[in-house]
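Engineer: The following comprises the amino acid sequence and a computationally predicted model.
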Amino acid sequence: MIVLAVDTTVLVYAHRREASEHDVAMAVIHDLAAGEASWAIPWPCLYEFFSVVTNARIWRDAASTPRQAVAQLEAWTSAPTLQLLREPDGFFEILHPLISRSRVRGPVVHDARIAAICLAHGVEALLSRDRDFTQFPELRVKNPFKD
């Protein structure tokens, strides 16, 4: 059983030292990686992490290099308790009700995909700061940056 999964927002903040959320995000990831319980990252969050941290439009001259982003991914994925979550067989049956909601359009489809992957694997809670996940009450979301 997977208790916690980590969304892109936490990954980005853990990687980007200039983010005000960096220390909290780093502590969260460290505690998960050093712990004995299984934790998870959905595969789409790894792709999105790479896309965000290497995007010069977001970070201007300080974007992470692809080498830095890959090194970070290698560090996280080497944690022995980490599980990388993918779409299982029959995934559309889980995704369909989520993407059929009236407010799920454009980039929110990506969040529906992450929610569906977590639901398919029985994740108890997703650690995220992304408010779009509130559209999927089937998935419990915990914001690790709240006081």
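Structural biologist: Here it is on my side, so go on.

Engineer: mind listing the helices for the chain?
Structural biologist: In chain order, the chain shows helices spanning 8-15, 22-34, 43-53, 56-59, 66-77, 91-99, 108-120, with DSSP state H as the criterion.

Engineer: Residue 40 contacts residue 5, doesn't it?
Structural biologist: Yes. Here residue 40 lies in contact with residue 5, judged by CB atoms under 8 Å, at a distance of 4.2 Å. C-beta here means a position set from N, CA and C on the backbone, and glycine is covered the same way.

Engineer: mind checking how far stretch 24-38 is from the chain centre?
Structural biologist: The chain centre lies 14 Å from the centre of stretch 24-38; the measure is CA atoms, centre = their mean, to the nearest Å.

Engineer: Pull out the buried residues from that stretch.
Structural biologist: 24, 25, 26, 28, 29, 32 (16 or more other CB atoms under 10 Å).

Engineer: circling back to that earlier point, neighbour-wise, which of residue 40 and residue 5 wins?
Structural biologist: Counted by other CB atoms under 10 Å, residue 40 and residue 5 do not tie: residue 5 has more neighbours, with 26 against 22.

Engineer: what's near enough to touch that one?
Structural biologist: 39, 40, 41, 42, 85, 118, 121, 123, 125, 126, 127 (CB atoms under 8 Å, 6 or more residues apart in numbering).

Engineer: Now with 6 Å, please.
Structural biologist: 40, 118, 123, 126 (CB atoms under 6 Å, 6 or more residues apart in numbering).

Engineer: so how far is residue 145 from residue 87?
Structural biologist: 28 Å (CB to CB, to the nearest Å).

Engineer: And for residue 68?
Structural biologist: Relative to residue 145, and taking CB to CB, residue 68 is found at 23 Å.

Engineer: quick one: which of these two has more around it?
Structural biologist: Residue environment comparison for residue 68 versus residue 145 gives the larger neighbour count to residue 145, 16 against 13, counting by other CB under 10 Å.

Engineer: tell me the contacts of the more buried one?
Structural biologist: Contact analysis of residue 145 by CB under 6 Å, 6+ apart lists 21, 24, 129.

Engineer: So what's the residue count around the last one?
Structural biologist: The one in question is residue 129. Other residues within reach of residue 129, judged by other CB under 10 Å, total 19.
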